[in-house]
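Colleague: Return a 3D structure for these sequence lines:
(one chain, ligands or ions: 2)
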Amino acid sequence: MTNPDPFNKQRLKHQHNWVQKLSDCQARMPASSSMIVEGKITRMVGMTLEALGCQAAVGVRCEVESLNGESIEAEVVGFNGERLYLMPTGSIHGIQPNARVIPSSKIYEVAVGDNLLGRVLDGTGRPLDGKGHLNTTETVPLTGKPINPLNRAPITEPLDVGVRSINSLLSIGRGQRLGLFAGSGVGKSVLLGMMTRYTTADVIVVGLIGERGREVNDFINNILGEEGMARAVVVAVPADQTPVMRLHGAFLATSIAEYFRDQGKNVLLLMDSLTRFAQAQREIALAIGEPPATKGYPPSVFGRLPQLVERAGNAEKGKGSITAFYTVLTEGDDQMDPIADASRAILDGHIVLSRELAESGHFPAVDIEASISRAMVDIIDKEHLRVVQKFKQIYSTYKKNEDLITIGAYTAGSDSRVDQAIALHPALMEFLKQDMDDPTTYAESLQRLVEIYELMEQTQTALQTTDPFAPMPDQDAANGATTTSTASDEQDNIANPAGVLLP
Ligand SMILES: Nc1ncnc2c1ncn2[C@@H]1O[C@H](COP(=O)(O)OP(=O)(O)O)[C@@H](O)[C@H]1O
Ligand SMILES: [Mg+2]
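Modeller: Ligands and ions are numbered 1, 2, ... in the order given. Purely as a prediction, here's the structure:
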């Protein structure tokens, strides 16, 4: 039998060859490569770029071609139908209509290594200090790897932060996350600097997010100095950087802290400030059309805060820890600011700096009445806790009656509590004060607290026979208190270094 259509045979052969060639090409392509669909910029409003035609997921990095063929990096922050919204990470100069948008398949990664110590980086992780190449050894994701909350080690060990009032009255546990609430100019930066220089943490990571450029310089050169920088990594993203970069800066600092934590180190992460981080997210969300809610903050802001804060804390048992301080600006010293309110709810305590104290030259201006460390009860022993409570009661009694006392309207002898508070006030204030160049350890802080306790006993004996602040007879029983301490022997020694029998 002869072939009825010789051309068909020829066509089939041709077709077969094509299929064969295409499959050869496909086989030569790396398995991971997926097709990249480019698009173009159709609109730009403020910092928001709109692109049509390209396919990319939220969080993906894109290159936008600008004048002279240079490219500008932008991140996909949202979409509407086929339209993608992008936010640049750097300057937007030179972007023109119909500019090419080339999505990358890369997720944001951070190059890390032990050599980062002593270095100052920008929000992308590049060095800012002119000390040359970084010599990093590995990369970690910018958004971190989640830890199962059930596997996290509990907070049980105190961390020496080198500040007497915090060590003794607001003891911080390794893996605890705290807010530092204050208005501007009341000593946040100096306090963070003191912690960086005097803490016993192995590594300190400082994120300077959205502050003024001059402040960054001042913090690194004057407050930290060489001594502070030796064990520290600083990520600096000043206020003139784009909102995406400010968010990245905060995530980058956290990723670096996670790297050292995963090596078993105790890391102290200091983020200044969480408010500027929230404001960066607000700028992005409003620009892509999210409706504002509380005080102009769209709901996504309140979702972003825990995404950052939850990454700090303890790793699994036997690994390291990240103890974190996030400064929260209380503008006009308004404690009810929505960011302050939201932060208070997601952090394990807050330290409030008082403008009144700062103005009277009392530094660090820690308001011990308004501050609380929620993990404190788990890390200190009962005796220590009782002295702290007594300290706060005496301090508070003085504060409540301060106006009467200062105008001379209080008559000595009318209330034994007030008499004791007046007698002890100078000693308590002296105890709370600490010069920025005066280091102190956890043991020394507790030693000073023991001395204050002895003074309390003495004034009490001098004024009268009964303790005006003594708990009601059945109060201990009502609290279910037992006399056995939960802390380890070693901790007991630290908690009571002088071996003095606390009450
Ligand atoms: N521990 C301290 N000892 C002495 N002065 C201090 C102390 N802490 C803060 N100050 C003073 O307060 C000023 C403002 O502090 P700063 O930390 O820059 O405030 P903030 O960061 O809250 O704006 C400093 O310039 C310094 O004069
Ligand atoms: Mg400051």
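
Colleague: list the helices and strands whatever helix or strand residue 206 lives in packs on?
Modeller: Element membership of residue 206 [criterion: DSSP states H and E] is strand 203-209. Using 3 or more Cβ pairs under 8 Å, 6 or more residues apart in numbering; DSSP states H and E as the contact test, the elements touching strand 203-209 are helix 188-198, strand 232-237, helix 243-262, strand 266-272, helix 274-287. C-beta coordinates here come from the backbone N, C-alpha and C atoms, glycine included.

Colleague: Mean pLDDT added to these, as TSV?
Modeller: Supplementary listing: these in TSV, determined by pLDDT from 0 to 100:
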stretch	mean pLDDT
helix 188-198	91
strand 232-237	94
helix 243-262	94
strand 266-272	94
helix 274-287	93
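
Colleague: Of these, which is nearest residue 442?
Modeller: Distances from residue 442 to each of those were compared using Cβ to Cβ; the shortest belongs to helix 188-198, at 10.2 Å.

Colleague: Kindly calculate the angle that that closest one makes with strand 203-209.
Modeller: Helix 188-198 and strand 203-209 meet at an angle of 160 degrees, taking axes from the mean of the first three to the mean of the last three Cα atoms, to 10 degrees as the criterion.

Colleague: hmm, back to that, the strand holding residue 206 and ligand 1 in contact?
Modeller: No. Contact of strand 203-209 with ligand 1 (Cβ under 6 Å from any ligand atom) is absent, the minimum separation being 10.6 Å.

Colleague: what's the following helix or strand after that strand?
Modeller: Read in the C-terminal direction, the helix or strand following strand 203-209 is helix 213-218, with elements assigned using DSSP H and E.

Colleague: that older thread, just want the angle from the strand holding residue 206 to strand 266-272.
Modeller: Per the same axes, to 10 degrees, the angle that strand 203-209 makes with strand 266-272 is 10 degrees.

Colleague: in its sheet, what does strand 203-209 sit against?
Modeller: When pairs are called by DSSP bridges, strand 203-209 turns out to pair with strand 232-237 (parallel), strand 266-272 (parallel).

Colleague: Out of the helices and strands packed on strand 203-209, which gets nearest to ligand 1?
Modeller: Nearest to ligand 1 among these is helix 188-198 (3.3 Å), distances taken as Cβ to the nearest ligand atom.

Colleague: on that earlier part again, columns distance to ligand 1 and mean neighbour count on top of the helices and strands packed on strand 203-209, output as a markdown table?
Modeller: Shown next, in a markdown table, are these (distance: least, Cβ to the nearest ligand atom, whole Å; neighbours: other Cβ atoms under 10 Å):
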| stretch | distance to ligand 1 | mean neighbour count |
| --- | --- | --- |
| helix 188-198 | 3 | 23 |
| strand 232-237 | 15 | 26 |
| helix 243-262 | 17 | 26 |
| strand 266-272 | 7 | 26 |
| helix 274-287 | 12 | 23 |
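
Colleague: is it possible to export these to TSV including distance to residue 226?
Modeller: Supplementary listing: the helices and strands packed on strand 203-209 in TSV, determined by distance: least, Cβ to Cβ, whole Å:
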stretch	distance to residue 226
helix 188-198	10
strand 232-237	10
helix 243-262	20
strand 266-272	18
helix 274-287	27
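
Colleague: Closest residue of the stretch 251-400 of the chain to ligand 2?
Modeller: Of all residues in the stretch 251-400 of the chain, residue 272 sits closest to ligand 2, with a separation of 6.4 Å (Cβ to the ion).

Colleague: tell me the SS of the nearest residue to that residue once chain neighbours are set aside?
Modeller: With Cβ to Cβ, 6 or more residues apart in numbering as the measure, residue 327 is the residue that lies nearest to residue 272, at 4.6 Å, once sequence neighbours are left out. Here residue 327 is recorded as strand under DSSP: H, G, I helix; E, B strand; the rest coil.
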